[in-house]
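>>> dropping the sequence and predicted coords here.
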Amino acid sequence: MNNIIEDKELGKLILRINPRARHFVFRTKPDAIYVTIPPGATARELQTSIEKVKDKLLKAKQKTASKYVPINLNYRIDAEYFKLRLMNGTHPKFLAKSELGKLDVICPPGADFSDEGLQTWLRKVIVEALRRNAKIILPPRLYMLSTQHNLPYRAVKINSSRGRWGSCSAKKDINLSCFLMLLPKHLIDYVLLHELAHTREMNHSDKFWKLLNSLTEQQAEALRRELKNFKTDL
């Protein structure tokens, strides 16, 4: 069974066998539909499962696509630590000029921004730039806040999570989403302090919020509400 199949209606389906799976699981994402497959499943069984849920998958795909702003020459990111612009060029291929805190994408004449494959590629380019910048900017800031407030952690990693800005494990390993680069500085600091607070209080108890309040000049709840208003369109 191939790892990737193409469906005329659904587009790309990426197949992944999970030894613990007992049935087919479909997850719709901007770049493809990801299918978890139980071991021993046949191609015919997969096709039958796809046909059974095809209508639901089409609706989910349309809903997912509607969440994302199309990337074209008018698309901009103007965050505090990361700026992006797309510009017309004369070269027949896309070119990217990247430096710390900035990405310029030079587009070939007649680029078809309605093409789904191009949209997926552009998002990957931008997310990778966010990741590279996050690895340079976020760890030193986390270390500074950790030292300032005497909240040591063991390690920090940068990921591409869209569902969580950050997390902290019981071993005091902190994970930070590269999408933090899209936030203003004070909200980045809020997320970093939130995860550092978990190195002392591994919960969201009253003790945790009291600690976080003390770290944010009693603004934890206000900052939390403000953060909820930020949604990535990547």
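Everything's here; your move. Numbers count the residues shown, from 1 in each chain.
>>> wait, what's in contact with residue 69?
Each residue near residue 69 by CB atoms under 8 Å, 6 or more residues apart in numbering is listed here: 75, 233. To be clear about C-beta, it is placed using only N, CA and C from the backbone, and glycine gets the same treatment.
>>> how near is the most centrally placed residue in the chain to residue 69?
The centroid of the chain falls nearest to residue 162 when counting by CA atoms, centre = their mean (3.4 Å). Here residue 162 is placed at a distance of 14 Å from residue 69 (CB to CB, to the nearest Å).
>>> one more: residue 141?
Residue 141 sits 28 Å away from residue 69, taking CB to CB as the criterion.
>>> repeat that for residue 165.
Distance check for residue 165 against residue 69: by CB to CB, it reads 20 Å.
>>> same check on residue 218?
From residue 218 over to residue 69 (counting by CB to CB), the distance is 35 Å.
>>> the strands in this protein, which residues?
Across the chain, reading from the start of the chain, the strands by DSSP state E fall at 4-7, 11-17, 25-28, 33-37, 76-78, 83-88, 95-99, 102-107, 155-159, 166-168, 173-177.
>>> buried sites along the helix ranked longest in the chain?
With DSSP state H applied, the helix covering the greatest number of residues in the chain is identified as helix 116-149. Applying a neighbour-count criterion of 16 or more other CB atoms under 10 Å, the buried positions in helix 116-149 are 118-120, 122-123, 125-127, 129-134, 137-139, 141-142, 145-146, 149.
>>> over to stretch 155-171?
Judged by neighbour count (16+ other CB under 10 Å), stretch 155-171 contains these buried residues: 156, 158, 165, 166, 167, 168.
>>> kindly report the same for stretch 29-39.
Within stretch 29-39, the residues that qualify as buried are 30, 31, 32, 33, 35, 37, counting by 16+ other CB under 10 Å.
>>> please name the bridge partners of residue 166.
Each beta-bridge partner of residue 166 is listed here: residue 176, as defined by DSSP bridges.
>>> quick check: angle from the longest helix of the chain to strand 83-88?
Angle of helix 116-149 versus strand 83-88, following axes from the mean of the first three to the mean of the last three CA atoms, to 10 degrees, is 160 degrees.
>>> list the helices and strands helix 116-149 packs on?
Helices and strands in packing contact with helix 116-149 are listed as strand 95-99, strand 102-107, strand 155-159, strand 173-177, helix 185-197; criterion 3 or more CB pairs under 8 Å, 6 or more residues apart in numbering; DSSP states H and E.
>>> starting at the chain centroid, how far to that helix?
Computed by CA atoms, centre = their mean, to the nearest Å, the chain-centroid distance of helix 116-149 equals 10 Å.
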